[in-house]
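Q: predicted coordinates and the sequence they were generated for:
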Amino acid sequence: MSLDTYKLHKLVAKGFDTLYTTHKPKWDKMVKKAAESVKEGVAANEIIRAGDVIATVEHGIRISKEFDNHLALKKLTQKYWATRFAEYIVEKNYPHAEITINPGGN
């Protein structure tokens with residue numbers, strides 16, 4: 001699970017960026033609580049992985065009235081929007097490292 005450029009463009013085209021910014025404190029709190037919950041479940045020496053946080057956040061998104069209202073307003077019926085929006089809000093809180101290509105080869 002990760003947010004790629006295709007998914008990002010589709011989310012923005014359907015207004016999920018606005019949904020995020022309109023209710024930013026709610027989504028950010030959801031991500032923080034999910035990350036804390038995941039941390040409690042893994043060994044002390046293990047890192048928290050984005051996929052684990054995304055899976056935890058996804059349930060909260062699915063039962064959110066703001067998310068339901070957005071789906072209804074945009075007439076979106078596909079089930080994947082919750083997963084993609086979870087990826088989006090987790091990445092907003094914990095950005096992925098950018099991959100850079102060195103033109104010299106290394």
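A: Done, it's in.
Q: so, low pLDDT: which residues of the chain?
A: Filtered on pLDDT under 70, the chain yields the residue ranges 1, 104-106.
Q: hey, where'd the strands end up in it?
A: Remark: strands of the chain are absent; assignment by DSSP state E.
Q: which stretches of it form helices?
A: Applying DSSP state H to the chain gives helices spanning 5-13, 16-22, 24-41, 50-62, 65-74, 80-93.
Q: out of these, which gets nearest to Ile101?
A: helix 5-13 (15.5 Å; Cβ to Cβ). C-beta here means a position set from N, CA and C on the backbone, and glycine is covered the same way.
Q: just want the angle from that closest one to helix 65-74.
A: 80 degrees (axes from the mean of the first three to the mean of the last three Cα atoms, to 10 degrees).
Q: got the helices of the chain as JSON lines, with mean neighbour count and distance to Ile99 columns?
A: Shown next, in JSON lines, are the helices of the chain (neighbours: other Cβ atoms under 10 Å; distance: least, Cβ to Cβ, whole Å):
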{"stretch": "helix 5-13", "mean neighbour count": "12", "distance to Ile99": "12"}
{"stretch": "helix 16-22", "mean neighbour count": "16", "distance to Ile99": "22"}
{"stretch": "helix 24-41", "mean neighbour count": "15", "distance to Ile99": "23"}
{"stretch": "helix 50-62", "mean neighbour count": "20", "distance to Ile99": "15"}
{"stretch": "helix 65-74", "mean neighbour count": "14", "distance to Ile99": "30"}
{"stretch": "helix 80-93", "mean neighbour count": "21", "distance to Ile99": "14"}
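Q: and these as JSON lines, adding distance to Ile101?
A: Output for the helices of the chain, formatted as JSON lines (distance: least, Cβ to Cβ, whole Å):
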{"stretch": "helix 5-13", "distance to Ile101": "15"}
{"stretch": "helix 16-22", "distance to Ile101": "27"}
{"stretch": "helix 24-41", "distance to Ile101": "30"}
{"stretch": "helix 50-62", "distance to Ile101": "22"}
{"stretch": "helix 65-74", "distance to Ile101": "36"}
{"stretch": "helix 80-93", "distance to Ile101": "21"}
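Q: so how far is Glu46 from Gly60?
A: Relative to Glu46, Gly60 is positioned 23 Å away (Cβ to Cβ, to the nearest Å).
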